[in-house]
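Trainee: Turn this into a structure:
(chains A and B)
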There are 2 protein chains.
Amino acid sequence: MLNFDIHLPTRIHFGRGKLEELGKEILPWGKKVLLVYGGGSIKRNGLYDQLLQIFQNNGIAHVELAGVDPNPRISSVRKGVELCRKHAVELVLAAGGGSTIDCAKIIAAGAGYEDDAWDFFTRKARISHALPVGTVLTLAATGSEMNPYAVISNEETGQKLGTGSPVLFPRFSILDPEFSFSVPAEQTAAGTVDIMSHVFEQYFSPTTGSYIQDRLAEAMLKTCIHYGPVALSQADNYEARANLMWTGSLALNGLLGSGKHTDWATHDIEHAISARYDVTHGLGLAILTPYWMQYVLNEQTVPRLAEYARNVWAIEESDDTKAAWSGIARTADFFKSLNLAASLKEIGIEENSLAVIAEQATGGRTLGAFKKLNTQDVLKILQAAYNGDTL
Amino acid sequence: MLNFDIHLPTRIHFGRGKLEELGKEILPWGKKVLLVYGGGSIKRNGLYDQLLQIFQNNGIAHVELAGVDPNPRISSVRKGVELCRKHAVELVLAAGGGSTIDCAKIIAAGAGYEDDAWDFFTRKARISHALPVGTVLTLAATGSEMNPYAVISNEETGQKLGTGSPVLFPRFSILDPEFSFSVPAEQTAAGTVDIMSHVFEQYFSPTTGSYIQDRLAEAMLKTCIHYGPVALSQADNYEARANLMWTGSLALNGLLGSGKHTDWATHDIEHAISARYDVTHGLGLAILTPYWMQYVLNEQTVPRLAEYARNVWAIEESDDTKAAWSGIARTADFFKSLNLAASLKEIGIEENSLAVIAEQATGGRTLGAFKKLNTQDVLKILQAAYNGDTL
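Mentor: A predicted model of the protein is given here:
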């Protein structure tokens, strides 16, 4: 186990009716809120009206940034920053999923930064202060509601990049699983894969002796495997939505990655794809992950992949290589069972863009830690995933 | 899953050499520290000298409260409160295990309370403010380093009671597993059982649908079972000490109990024993736990006890009752393998005190939630544990 520091300052209010905590969480920070949301699902499921009622009851004034896209864009951030400055906003409230929350975080950081917020992603500037951010989560997926990270796309440069700062932890997050009942099936499936991918990126590591982290990771994977299909077939199953929502927060709040080298190659590759094609992040991950597992399988990595197969999929097979292959196949089958596409070809990626995607993903460096990947390695994974080669 | 709120404000610095963070964690709060420690183990393992050096390098003045006992006493708290007032202490620093940390927390709360700190335990007063507390942990056991609880004994009334308040969360905790290398074998074993018992108290619950919490609990139990014996036979095995130390913090910081009714009957019974006999808490728990499991086993509880047996002990037995019995036997055998006594008789408890202990434990109410226990139930558990009846 490696040394680590961990601090989880976000206050979580979890469960039915927890929106009642919103007023008293906002008021210590002020009475001027920027409400950030996406394509209007919060209007359809009633959350928007409830938010307005709470603002009114508590004497809170608000301005709105609506229409934040999945794969949120720096242009949305810039609009939000403008609104914060113009209206002297005191707290940024995201109501939605990870895209909305990520956008809100960078707006909060950009509001007090004299130059353009894209500088935080090109490393031209570091985020040292931000307006307070609060969230009302409606989708189990990214974990952004309990972490200090954000991923933003730049439509001009074709980049999708991440950044982070301790000041970006939401001050509070309200997680009412009922607000995720209206999430459509494909988003539910993609969100489940996103959670699992966050676990994989931290579970598959060259670090040894991080036993507790690895067992916690398996616990989260089992939860996704158990409840993903339930949420898909019964959209309003509270138990399934609740377990997925809380697991999503725990999967990327530092608990799994503390004390370990983490990987993130699959995420880096997927970001290069979705920056170019605006693919749903979790769908891209579902296609790539089994091919990544297959490609990184070697003498060094086989014990961990076999352990994954045995502990998560209960595969009883004493030979490590055979067990690992079974685990990879089960993973691919599970993603297919969620009705997700299994090849890049199927979702409209063009074969002649794979080389550019590979270069964009690595930026000339290597990706990953479990097994380091250069541009050529990434291209091979992309080609196998493009064709949907048999696993 | 029930509704819950969770907030984990303690900053954790984990790993070798992390004491280097101490100066910068103390200074924001002031330059006057009360150092609280126990029987002198921190002098033998070099921690004391390192603390004094850090104080000197950072211009921090300190006063000391030494000699805090296991099962820390309200008289120690009173001495510490006196010192805080007399020297205008700005931060209370605990260097030791859970007893030292619990004592430090109540000193911190008592310093700003005009009356006697025992009032916090009799519910005569609520803890609403406290001096900041920091900890340097030397023993994996209670989890006090990352939670807002404290248990204190009153030698005059023969009571051992707990209290808690959000203001008692340590502001920071430094967890260097190397400081636990010098923990003697019996304390290592008792600490491991204490961690497992914290998990049991939250795992064995009448709440259904808390799947993620239950899988996390099993992850922690497996870690204790894996590394307890290693730490016992190789006191300086870093991997074992690190996994036990971090698991100890995670087992009682709210992650496992959030969203569930929790039990705590075994803890309540053990507190009544150790208030009277000054038994090591983890040893008392090791003796009681298998008899508690045996006593609560019935038609309602058998599925969970069978799940425990299968998921934690890998018992392959399709009949729930048989599986549950095997799990209970394995638990008892494991505690014995840590060289812990298996009956109350062996550790000097007198048979004629059992009835009084049972009454003290329940205080005329019922204990527990997995199965509610009245005084008569508790007495039966105590009698079986006294005799060391075959499980």
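Trainee: for the residue lying closest to A:Y277 once chain neighbours are set aside, helix, strand, or coil?
Mentor: Residue nearest to A:Y277 in three dimensions, not counting chain neighbours: A:I349, with 5.9 Å by Cβ to Cβ, 6 or more residues apart in numbering or on different chains. C-beta coordinates here come from the backbone N, C-alpha and C atoms, glycine included. Secondary structure, DSSP: H, G, I helix; E, B strand; the rest coil: A:I349 is coil.
Trainee: I'd say A:I349 and A:I273 touch.
Mentor: Yes. The pair A:I349 / A:I273 is scored as a contact, 6.6 Å apart, by Cβ atoms under 8 Å.
Trainee: dump the residue contacts of A:F179.
Mentor: Residues in contact with A:F179, defined by Cβ atoms under 8 Å, 6 or more residues apart in numbering or on different chains, are A:45, A:47, A:136-138.
Trainee: how about 10 Å then?
Mentor: A:16, A:18-19, A:41-42, A:45-47, A:50, A:95-96, A:136-139, A:241, A:245 (Cβ atoms under 10 Å, 6 or more residues apart in numbering or on different chains).
Trainee: what's the answer for A:H271, then?
Mentor: A:71, A:151, A:153, A:159-162, A:264, A:281, A:284, A:357, A:360-361.
Trainee: go on, A:P229?
Mentor: A:188-189, A:192, A:240, A:334, A:337-338.
Trainee: from those, which single one is nearest chain B?
Mentor: Lowest distance from chain B to those (Cβ to the nearest Cβ) belongs to A:A240, with 9.0 Å.
Trainee: average pLDDT across the helix or strand harbouring the closest one?
Mentor: Assignment of secondary structure by DSSP states H and E places A:A240 within helix A:238-251. Here helix A:238-251 scores 98 as its mean pLDDT.
Trainee: Just the CA atoms of that helix, as PDB, please.
Mentor: C-alpha atoms of helix A:238-251 as PDB (Å, rounded to 0.1, in the frame of the first residue of the first chain):
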ATOM      1  CA  TYR A 238     -36.000   2.200  -5.200                       C
ATOM      2  CA  GLU A 239     -33.600  -0.400  -3.800                       C
ATOM      3  CA  ALA A 240     -31.800  -0.700  -7.100                       C
ATOM      4  CA  ARG A 241     -31.600   3.000  -7.700                       C
ATOM      5  CA  ALA A 242     -30.400   3.700  -4.200                       C
ATOM      6  CA  ASN A 243     -27.700   1.100  -4.300                       C
ATOM      7  CA  LEU A 244     -26.400   2.300  -7.700                       C
ATOM      8  CA  MET A 245     -26.500   5.900  -6.600                       C
ATOM      9  CA  TRP A 246     -24.600   5.500  -3.400                       C
ATOM     10  CA  THR A 247     -22.100   3.100  -5.100                       C
ATOM     11  CA  GLY A 248     -21.500   5.700  -7.800                       C
ATOM     12  CA  SER A 249     -20.500   8.300  -5.200                       C
ATOM     13  CA  LEU A 250     -18.300   5.800  -3.300                       C
ATOM     14  CA  ALA A 251     -16.600   4.500  -6.400                       C
END
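Trainee: helix or strand right after that helix?
Mentor: helix A:265-277.
Trainee: what packs against the helix or strand following that following helix?
Mentor: Reading on from helix A:265-277 to the C-terminus, the next helix or strand found by DSSP H and E is helix A:281-296. Contact partners of helix A:281-296 among helices and strands, from 3 or more Cβ pairs under 10 Å, 6 or more residues apart in numbering or on different chains; DSSP states H and E: helix A:98-110, helix A:185-203, helix A:265-277, helix A:302-313, helix A:320-337, helix A:375-387.
Trainee: which of the residues in the last one are buried?
Mentor: When neighbours are counted by 16 or more other Cβ atoms under 10 Å in any protein chain shown, the buried residues of helix A:375-387 are found to be A:375, A:377-379, A:381-386.
Trainee: any idea of the mean pLDDT for it?
Mentor: 98.
Trainee: helices or strands next to it in the packing?
Mentor: helix A:265-277, helix A:281-296, helix A:354-362.
Trainee: Tell me how chain A divides into domains.
Mentor: A:11-179, A:184-387 (automatic domain parsing).
Trainee: and the angle from the top helix by length along chain A to helix A:320-337?
Mentor: Secondary structure of chain A per DSSP state H: the longest helix is helix A:211-233. On the basis of axes from the mean of the first three to the mean of the last three Cα atoms, to 10 degrees, helix A:211-233 is oriented at 30 degrees to helix A:320-337.
Trainee: List the buried residues in helix A:211-233.
Mentor: Applying 16+ other Cβ under 10 Å to helix A:211-233 flags A:211-229, A:231-232 as buried.
Trainee: returning to what we had before: filter the contacts of A:H271 down to the buried ones.
Mentor: For the contacts of A:H271, a burial check counting by 16+ other Cβ under 10 Å picks out A:71, A:151, A:153, A:159-161, A:264, A:281, A:284, A:357, A:360-361.
Trainee: and these as a markdown table, adding distance to B:F200 and pLDDT?
Mentor: What follows is the buried ones among the contacts of A:H271, written out as a markdown table (distance: Cβ to Cβ, whole Å; pLDDT from 0 to 100):
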| residue | distance to B:F200 | pLDDT |
| --- | --- | --- |
| A:N71 | 45 | 87 |
| A:V151 | 40 | 95 |
| A:S153 | 47 | 94 |
| A:Q159 | 50 | 90 |
| A:K160 | 45 | 89 |
| A:L161 | 45 | 92 |
| A:W264 | 36 | 98 |
| A:H281 | 39 | 93 |
| A:G284 | 42 | 97 |
| A:I357 | 50 | 97 |
| A:Q360 | 50 | 95 |
| A:A361 | 46 | 96 |
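Trainee: Which one of the residues you listed is nearest to B:I107?
Mentor: Comparing the buried ones among the contacts of A:H271 against B:I107 with Cβ to Cβ picks out A:W264 as the nearest, at 44.3 Å.
Trainee: need the contact list for that closest one.
Mentor: Going by Cβ under 10 Å, 6+ apart, A:W264 touches A:162, A:197-198, A:200-202, A:257, A:271, A:367-370.
Trainee: any chance of those residues in TSV, plus pLDDT?
Mentor: Shown next, in TSV, are these (pLDDT from 0 to 100):
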residue	pLDDT
A:G162	94
A:S197	98
A:H198	98
A:F200	98
A:E201	98
A:Q202	98
A:G257	97
A:H271	94
A:L367	98
A:G368	98
A:A369	97
A:F370	98
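Trainee: now, among those, which is nearest to chain B?
Mentor: Distances from chain B to these, taken by Cβ to the nearest Cβ, are shortest for A:G257, at 12.6 Å.
Trainee: from what I can see that closest one touches A:M1, true?
Mentor: No. Counting by Cβ atoms under 10 Å, A:G257 stays clear of A:M1, with 11.8 Å between them.
Trainee: Common neighbours of those two, please.
Mentor: A:207, A:210, A:213.
Trainee: what residues are up against the nearest residue to A:L256 once chain neighbours are set aside?
Mentor: Among residues not flanking A:L256 along the chain, A:Q202 sits closest, at 4.1 Å (Cβ to Cβ, 6+ apart). If you count contacts by Cβ under 10 Å, 6+ apart, A:Q202 has them with A:210, A:213-214, A:216-217, A:220, A:251-252, A:254-258, A:260-264.
Trainee: repeat that for 7 Å
Mentor: A:Q202 sits next to A:217, A:256-257, A:260, A:262 when contact means Cβ atoms under 7 Å, 6 or more residues apart in numbering or on different chains.
Trainee: Can you tell me which of those residues has the most neighbours?
Mentor: A:A217 (29 neighbours; other Cβ atoms under 10 Å in any protein chain shown).
Trainee: measure that one to chain B for me?
Mentor: For A:A217, the distance to chain B (Cβ to the nearest Cβ, to the nearest Å) stands at 8 Å.
Trainee: surely that residue meets A:Y203?
Mentor: Yes. The pair A:A217 / A:Y203 is scored as a contact, 4.1 Å apart, by Cβ atoms under 7 Å.
Trainee: Walking through the stretch 51-200 of chain A, point out its strands one by one.
Mentor: In the stretch 51-200 of chain A, the strands defined using DSSP state E, counting those that start in this stretch lie at A:61-65, A:91-96, A:133-137, A:149-154, A:159-164, A:172-175.
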